[in-house]
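K.L.:
build me a structure from this.
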Amino acid sequence: MNVARLAAVDAARAARVLSEVREATLAGQRARIAPRPVIEQSWERMLRSGVDPDHDSRSAPLPSEEVRRRREESPLRHVLPVLRQGLLSVADVAHHIMVVADAEGRVLWREGSRPVLRKADGLGFELGADWREDVVGTNGVGTPVVVRRPVQVFAGEHFVRSHTSWTCTGAPITDPRDGTLIGVVDVSGPLETMHPATLAWVDSVAKLAEARLRELHGASLERLRVVAAPVLARLEGRALVADRDGWVAAVTGMPYVRRVALPTSCTPGRRWLPALGSCAVEPLAGGWLLRADDEPLATAATRIVLDLARPGRCTLTVEAAAGSWSHEVSPRHAELLFLLAEHPSGRGAASLAGDLFGDTSRTVTVRAEMSRIRRYLGELLQHRPYRFGGSGEVVVLLPDDPRDLLPRSTAPAVVRRRTAPAPVRRALP
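P.N.:
Coordinates of the predicted model:
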């Protein structure tokens, strides 16, 4: 069933049909019309996590001071003009509201039709509210965070009954530099106001916002290069200048790298970094000057933690004596790192291709992705065969329910592993 088209033609009928589908499915019966796959999978996650479909459960909204702090720190503040220009003029006329949430599903901005804003207040859809999927059920903010793609949720497709008079369309906004999720933009309103093209409209505006972030990043690195040029010209040996997030503006005495992994709270002094080894870290306007020691790179004792416990958000943390750093990894990199943790003795490109695609001939794709991983892991990731190196340990944190392990992954090895509930804990060889 094309829900968007039916809602546009006959909203009342669409609401009745979706209500029947919801009631039958949640009662464990076979519905006359099957739920859409993205909705059915979300409902399954909600049932496993214990969300009550008949009671509106809410966590307390963030205090206004915390909302203000998150706004000031969020890169989403830079693209609000793009979002407003692309969505608000139409949303207000069509009796919608625009909601912008951070990567944790917390509402940071909310604008649009005043009557709809008042209705949103009644649903707890307010500033600072927590609209993660495992808190309020299937919705246009929390579900895109998990599946990492645009989702439209019509009326009875909401898991929690009190939200079934509402329809929302959300699209994730990712950092164009590395694919990290930074938030979600959502357009919400009554079912009868939604149009079949709303999903494509919201997604296109989210992509415009990402393009704007890409432009801003390029301009920022160019300004840093101007500062870096005279500094690097006076130095001998290996050195580079990177911004506060580790994106490299210029190098000297070494091949160019796109990014270096910095400690979570980087401060001046001597540090050990995967890509450089021991180095001196010095502040520079807009970034850091990193001067590497002449000694060969060495893999100091570390603890590597791959956190897959939260569906839709995978992070890698490396802890060393000189500090720690964290990096949100893409779904593909999460698959590869998980498979390497499963095989501490190593895995060849052909074997990894079989694990990922069921096709051992797809080694070119595997090698390209492993090369990208080595850019931020450095010597902590060995090759021939691919394996974790060093003298620490690797820990993989899995979700409580194994069926939530990398939920979007279709890799044969990951699908098989979803039947094993225990977390993986491996010591490096």
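K.L.:
show me the residue at the heart of the chain, geometrically.
P.N.:
The chain has Leu181 as the residue nearest its centroid, 3.2 Å off, counting by Cα atoms, centre = their mean.
K.L.:
pull the number of nearby residues for the closest residue to it other than its chain neighbours.
P.N.:
Of all residues not flanking Leu181 in the chain, Ala103 sits nearest, at 4.7 Å (Cβ to Cβ, 6 or more residues apart in numbering). Quick note: C-beta positions are derived from backbone N, CA and C, even for glycine. By the measure other Cβ atoms under 10 Å, the count of residues near Ala103 is 20.
K.L.:
could you pull out the helices in the stretch 151-300 of the chain for me?
P.N.:
198-233 (DSSP state H, counting those that start in this stretch).
K.L.:
state the distance from the residue nearest to Leu181 to His78.
P.N.:
15 Å (Cβ to Cβ, to the nearest Å).
K.L.:
how near is Gly269 to Pro263?
P.N.:
10 Å.
K.L.:
look at the spatially closest residue to Leu76 that is not a sequence neighbour and report its pLDDT.
P.N.:
The shortest distance from Leu76 to any non-neighbouring residue, by Cβ to Cβ, 6+ apart, is to Gly183 (4.8 Å). pLDDT, Gly183: 95.
K.L.:
contacts only, for Gly183.
P.N.:
The contact partners of Gly183, taken as Cβ atoms under 8 Å, 6 or more residues apart in numbering, are 74, 76, 100-103, 108, 172-173.
K.L.:
and which of these is nearest to Val366?
P.N.:
Pro172 (25.8 Å; Cβ to Cβ).
K.L.:
quick check: bridge partners of that closest one?
P.N.:
Residues in a beta bridge with Pro172, per DSSP bridges, are Val184.
K.L.:
how far off centre is stretch 279-290?
P.N.:
28 Å (Cα atoms, centre = their mean, to the nearest Å).
K.L.:
name the residues of that stretch that are buried.
P.N.:
279, 281, 284, 286-290 (16 or more other Cβ atoms under 10 Å).
K.L.:
got the contact list for that stretch?
P.N.:
Residues outside stretch 279-290 that contact it (Cβ under 8 Å, 6+ apart): 220, 223-224, 227-228, 231, 239-244, 249, 260, 262, 266-273, 276, 291-293.
K.L.:
could you list the low-pLDDT ranges of this protein?
P.N.:
Applying pLDDT under 70 to the chain flags the ranges 1, 4, 6-9, 92-94, 295-301, 321-323, 390-391, 420-429.
K.L.:
which residue ranges of the stretch 51-200 of the chain form strands?
P.N.:
Using DSSP state E, counting those that start in this stretch, the strands assigned to the stretch 51-200 of the chain run over residues 97-102, 107-112, 151-153, 166-174, 181-190.
K.L.:
just say which of those strands is most tucked in.
P.N.:
strand 151-153 (a mean of 29; mean count of other Cβ atoms under 10 Å).
K.L.:
direction included, what does that one pair against?
P.N.:
Partners of strand 151-153 in its sheet, by DSSP bridges: strand 166-174 (antiparallel).
K.L.:
C-alpha coordinates for the strand it pairs with, PDB please?
P.N.:
Extracted C-alpha coordinates of strand 166-174, given in PDB (Å, rounded to 0.1, in the frame of the first residue of the first chain):
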ATOM      1  CA  TRP A 166       0.300  12.900  14.200                       C
ATOM      2  CA  THR A 167       2.400  12.400  11.100                       C
ATOM      3  CA  CYS A 168       6.100  13.300  10.800                       C
ATOM      4  CA  THR A 169       8.800  13.100   8.200                       C
ATOM      5  CA  GLY A 170      12.400  13.100   9.300                       C
ATOM      6  CA  ALA A 171      15.800  13.000   7.600                       C
ATOM      7  CA  PRO A 172      19.200  12.500   9.200                       C
ATOM      8  CA  ILE A 173      21.900  15.200   8.800                       C
ATOM      9  CA  THR A 174      25.400  13.800   8.700                       C
END
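K.L.:
so how far is that strand from its chain's centroid?
P.N.:
Distance, centroid of strand 166-174 to centroid of chain: 14 Å (Cα atoms, centre = their mean).
K.L.:
one more: stretch 38-58?
P.N.:
21 Å.
K.L.:
stretch 378-390 now?
P.N.:
25 Å.
K.L.:
now stretch 116-123
P.N.:
On Cα atoms, centre = their mean, the centre of stretch 116-123 falls 28 Å from that of its chain.
K.L.:
pick out the most distant pair among the buried residues of stretch 279-290.
P.N.:
Taking Cβ to Cβ, no two of those sit farther apart than Cys279 and Gly286, at 18.8 Å.
K.L.:
looking at the contacts of Gly183, which is nearest Val414?
P.N.:
Distances from Val414 to those, taken by Cβ to Cβ, are shortest for Pro172, at 21.3 Å.
K.L.:
look up how far Thr252 lies from the closest one.
P.N.:
Counting by Cβ to Cβ, the gap from Pro172 to Thr252 is 38 Å.
K.L.:
also Val79?
P.N.:
Distance from Val79 to Thr252, by Cβ to Cβ: 34 Å.
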